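>>> below: sequence and its predicted model.
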Amino acid sequence: MPAPLYEALKSYAAREPVRFHMPGHKGQFLPAPELAPLAPIDVTELPSTGNLYEAGEPFDAAQRLWAERFGFETCQFLTGGSTMGIHTGLALCCQPGERVLVDRGCHRAVFNALALLDLEPVYLERPWLEEEGLMGPVSPERVEMLLEKHPGIKTVCITSPTYSGVLSDIAAIGRIVHRRGGKLMVDGAHGAHLPFLGVEAFAGADAVVVSAHKTLPAMGQSALLFVNGAAAELVRLRASLFGTSSPSYPMLASLDLARQWMEQEGAALYHRTARRVARLRERFPCLGGGLALDPARLTLRVQDGPAFAQALEQRGIFPEMEDGGHVVLICTAQDGEQSFGRLEGALEQLENQMGPGPRLPAPPLPERVLSPRQALFSPAQSRVLEGCEGQVSAVQIAPYPPGVPVVAPGEVISKKELAYLKEIGYNMCSEVRVIAR
């Protein structure tokens, strides 16, 4: 399989050109031996290397290969992570001032996009799975009910998969949205690997953003936006609003190479990882309950998430995140038998600490008194969180990871929100920004 962008960069470097252009290292020097091999392909926009935000090669060919792999009309490379893709995707789907049906479990980047684009949210609550202690998948029936209640809404934005690996039925939700002439935007940041595992995770969406760097062998911040029903020129234009005009070519090349590697050998290795995860799920208490799950995401059910994560770290194993009753591990094609063997050995030693954790209540739904834009751009002051009862938040109060706000900008911080934040272990002595009075 070709890697058009990477080949163009290699070809330019092989000419040993005299570089009187950016970047300042001139392809010769970066002050660390680990970085030095990247210098020759770290270039700028030249006739042979193309421009990320303009039509032409090698980007057209490199992005087309990704689009074909995911089954979309257009792919846009991103160097600002899924955050850049979320902002771009919503800018493509919506007009300023419109109302949007927003998954309450979305990442904080979505809430920032609402403010930047002056969008008015109608929040879509996910079902709370009491047995699992987590939010479940988005209900197509709930989406349909809210769209009937708010017929003016033409854009729906949801997250799938979640940080814990829960998948929603995108095809069913897409059919509901499209019957009403709307568009479905999916934050699939943690699902870049799913199409390579044969999982139809995004069919039915109009725009999907995935973070290649989260689950594929790609450099940090590298991500992809897939779009149907919009001209490639418009996609590039919207992306240029939110991305740097000097994107990193090594990052972009890593996107090109990640796809090539996955299609040559990576998919088989990812299938091996999925089989290993399946065996661990059978042996240890894990997220299940008949949910549709990412085959490579291991979410352990434990009695004390922070203590369990610390015990793993003491054994040299570092999970992605933990909450009161879960520990989440991101498993990829790069996790071989040695890594899984060490993990399984550690889980055997800690098995008596696994099982159902504390029964947490569902996150509250705060009262909203200002739009996200009004709140984020209003005069604000810093206050210690535990003393903020009755204040209107000017920021997201979001445990990170997963970065899902308990309180969004423009919402009232009431006693129930403070109690919930304290119960999940949030730092109540941290300062937050509240609307100045």
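Perfect, thanks for sending it. Numbers count the residues shown, from 1 in each chain.
>>> got a pLDDT number for the closest residue to residue 344 other than its chain neighbours?
Leaving out its chain neighbours, the residue that sits closest to residue 344 by CB to CB, 6 or more residues apart in numbering is residue 280, at 6.7 Å. Using the backbone N, CA and C atoms, a C-beta is placed for each residue, glycine as well. Predicted confidence (pLDDT) for residue 280: 97.
>>> please confirm that residue 280 is located within a helix.
Yes - under DSSP: H, G, I helix; E, B strand; the rest coil, residue 280 falls within a helix.
>>> surely it and residue 287 touch.
No - Residue 280 lies out of contact with residue 287 (CB atoms under 8 Å); the separation is 11.6 Å.
>>> of these two, give the one with the bigger neighbour count.
Using other CB atoms under 10 Å as the criterion, residue 280 and residue 287 rank with residue 287 on top: 21 against 17.
>>> please report the distance of that one from residue 190.
14 Å (CB to CB, to the nearest Å).
>>> so what sits against both of those two?
The contact sets of residue 287 and residue 190 overlap at residue 165 (CB atoms under 8 Å, 6 or more residues apart in numbering).
>>> hmm, back to that, from residue 100, how far off is the residue nearest to residue 344?
Distance of residue 280 to residue 100, computed by CB to CB: 38 Å.
>>> repeat for residue 29
Separation of residue 29 from residue 100 (CB to CB): 47 Å.
>>> pLDDT below threshold where in this structure?
Judged by pLDDT under 70, the chain has its weakly predicted residues at 1.
>>> so who does the residue nearest the centre of the chain touch?
Centrality entry for the chain: nearest residue to the mean C-alpha point is residue 189, 2.7 Å, by CA atoms, centre = their mean. By CB under 8 Å, 6+ apart, residue 189 lies in contact with 82, 107, 159, 209-211, 214, 223.
>>> tell me the contacts of the nearest residue to residue 427 once chain neighbours are set aside?
Distance criterion CB to CB, 6+ apart; nearest residue to residue 427, sequence neighbours excluded, is residue 385 at 7.5 Å. Residue 385 sits next to 397, 413, 418, 421, 426-432 when contact means CB under 8 Å, 6+ apart.
>>> show me which of these are buried.
Neighbour counting with 16 or more other CB atoms under 10 Å marks 397, 413, 418, 421, 426, 432 as buried within these.
>>> report the two of these separated the most.
Greatest spatial distance in the buried ones among the contacts of residue 385: 413 and 426, 11.9 Å, computed using CB to CB.
>>> which neighbours do these two have in common?
385, 397.
>>> just the buried ones among the contacts of residue 385: which are in strands?
If you go by DSSP state E, those have 413, 432 in strands.
>>> tell me how many other residues surround the closest residue to residue 302 other than its chain neighbours.
Of all residues not flanking residue 302 in the chain, residue 308 sits nearest, at 4.1 Å (CB to CB, 6+ apart). Look at residue 308: counted by other CB under 10 Å, it has 23 neighbours.
>>> centre of the chain to the helix or strand containing residue 308, how far?
Taking DSSP states H and E as the definition, residue 308 sits inside helix 305-314. Put simply, helix 305-314 sits 24 Å off its chain's centre (CA atoms, centre = their mean, to the nearest Å).
>>> and that helix, what does it pack onto?
Here helix 305-314 touches strand 321-322, strand 326-330, going by 3 or more CB pairs under 8 Å, 6 or more residues apart in numbering; DSSP states H and E.
>>> could you give the bridge partners of residue 431?
Beta-bridge partners recorded for residue 431 (DSSP bridges): residue 384.
>>> that concludes my questions; thank you for your assistance.
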